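**Q** attaching a predicted model along with its sequence, questions to come.
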Amino acid sequence: PNLEDRDTMATHPTLGVRIDRICCIGAGYVGGPTCATIALKCPHIKVTIVDMNEKRINAWNSDTLPIYEPGLTEVVKACRGKNL
């Protein structure tokens, strides 16, 4: 979000902060699907996933995801290039 949007964003009721970005460390069986779901359900949040394994990141950016979960490919395709 740009600076103007950040000023109008709601403050998280529990944390007391504005959340507009998330960085997940680890693109494995937990981090990848979790962050893809966050990106789908929270389109106003920019989700970045990092991993030491470059091949794993390349696989997440390809048409063949490195893991299989029912519906995961569709979730990633819906968010990729937008907020994921």
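**A** Great, that's in hand. Here the structure is a predicted model, which means the values were calculated and not measured. Numbers count the residues shown, from 1 in each chain.
**Q** could you use CA atoms for every contact and neighbour count after this?
**A** Noted.
**Q** relative to V50, how far out is the residue nearest to T11 when sequence neighbours are not counted?
**A** Nearest residue to T11, sequence neighbours excluded (CA to CA, 6 or more residues apart in numbering): R18, at 4.7 Å. Per CA to CA, to the nearest Å, R18 is found 22 Å from V50.
**Q** list the residues that contact I19.
**A** 11-12, 45 (CA atoms under 8 Å, 6 or more residues apart in numbering).
**Q** ok, those residues vs V30, which is closest?
**A** For the contacts of I19, the residue nearest V30 by CA to CA is I45; the value is 18.7 Å.
**Q** setting the sequence-adjacent residues aside, check what's closest to that closest one.
**A** Once flanking residues are discounted, I45 sits nearest to D20: 4.6 Å by CA to CA, 6+ apart.
**Q** what about I38, neighbour count?
**A** 18 (other CA atoms under 10 Å).
**Q** got it, and P43?
**A** As a burial measure, P43 scores 14 neighbours (other CA under 10 Å).
**Q** which elements pack onto the longest helix that the chain contains?
**A** When the chain is parsed with DSSP state H, its longest helix is helix 31-41. Other elements packing on helix 31-41 under the criterion 3 or more CA pairs under 8 Å, 6 or more residues apart in numbering; DSSP states H and E are strand 21-25, strand 46-50, helix 72-79.
**Q** out of those, which gets nearest to W60?
**A** For these, the distance to W60 is smallest for helix 72-79, at 8.5 Å, taking CA to CA.
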